[in-house]
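Student: build me a model:
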Amino acid sequence: MDMNKQKPCPEKYKHCYGKNKWSFTSLTFQRSRFSARHHASFICGLIIILIVVFLSILSFWYTPYDAYQMDIRSRFLSPSFSHPFGTDEYGRDLFSRCMVGGQIALQVGIISTVIALFGGLVVGFLSGMSNKIVDEILMRLMDGLFAFPAIVFAIAIVSVFGADITNAMIAIGIVRIPIFARQVRNETISLKHRFFVIASQSIGTRLPVMIWKHFLPHIGASLTVLVTTNFAFAILSEAGLSYIGLGTQPPFPSWGRLLMESQNYMDRAPWLAIFPGIMMALTVLGFTLLGNGLRDFSDPRY
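Tutor: Predicted coordinates for the structure are as follows:
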């Protein structure tokens, strides 16, 4: 068999190649782009997230009405062209308040995910690269943390340190550290016995450089999936904490707090609960679909 003979180019990837040679980098990029375009879950999730992010960022500079301005004469107006989501018990525009609530949802998702990711990377790399005793100690600590129900542990932290959005974000981030730590530790143990890592160690490469050049690129795909699913978890957890009064405090209108405030008016103004609930459900659905798509792309069989 002639090893130098060029294999035929798949028809759908012909634009990836030059006239007489293959381009591996171009092929990989085009295959990923082709898969993304034909993955309905990924596309739907991306569209939903882009809409939510756009409305949330836009609310920093513009909302149809002042999200905090009360107008008693406009109390409990049903959804209309001028007030798409209606108004609340104080006459405040619900659509504007949902837009501002998106700021809080994204803030909680970003900060809590950064905390969980950073903590998981530190613990996971220490556990995976250390000897068996250190590995056992760190993993048993993670098991102990993971044994508590996440929302109960978050409630305990917020109850001790005070009910505000900052403590809620820290609590949500801490309870997700074991998820990231276990993923990083398992992949680190698998990678550290590979030939390219052993060769890098043999020439005296420092551990931080080795982690940056060899470990992170290989575990990046799985961590990306975890990050997207953690966003969904963080949004739901913040909504749960705000609903019981331990998350976002007045006058800031998080989606969970809007749901809590609407429970006394369900028979009179059901839209006060319907629209914040839809916004939260769509955002969680968007991140879930996005994570499913990213998981499929990281699967070599896809």
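
Student: after the longest helix seen in the chain, which helix or strand is next?
Tutor: The helix spanning the most residues in the chain, taking DSSP state H as the definition, is helix 94-129. For helix 94-129, the following helix or strand on the C-terminal side (DSSP states H and E) is helix 132-147.

Student: what does that next one contact?
Tutor: Counting by C-beta atoms under 8 Å, 6 or more residues apart in numbering, the neighbours of helix 132-147 from elsewhere in the structure are 123, 126-128, 130, 153, 174-175, 177-179, 181-182, 185. Using the backbone N, CA and C atoms, a C-beta is placed for each residue, glycine as well.

Student: give me the buried positions along that helix.
Tutor: If you call a residue buried by 16 or more other C-beta atoms under 10 Å, then helix 132-147 has these buried ones: 135, 138, 139, 142, 145, 146.

Student: out of those residues, which is nearest to residue 67?
Tutor: In terms of C-beta to C-beta, no member of the buried residues of helix 132-147 lies closer to residue 67 than residue 145, at 36.8 Å.

Student: next up, the contacts around the residue positioned nearest the centre of the chain.
Tutor: With distances taken as C-alpha atoms, centre = their mean, the residue of the chain nearest its centroid is residue 231 (2.5 Å). For residue 231, the residues meeting the contact criterion (C-beta under 8 Å, 6+ apart) are 109, 113, 287.

Student: and the next helix or strand past the host helix or strand of it?
Tutor: Residue 231 is part of helix 216-243, with elements assigned from DSSP H and E. Reading on from helix 216-243 to the C-terminus, the next helix or strand found by DSSP H and E is helix 255-262.

Student: mind giving me the packing neighbours of that following helix?
Tutor: helix 94-129, helix 216-243, helix 271-298 (3 or more C-beta pairs under 8 Å, 6 or more residues apart in numbering; DSSP states H and E).
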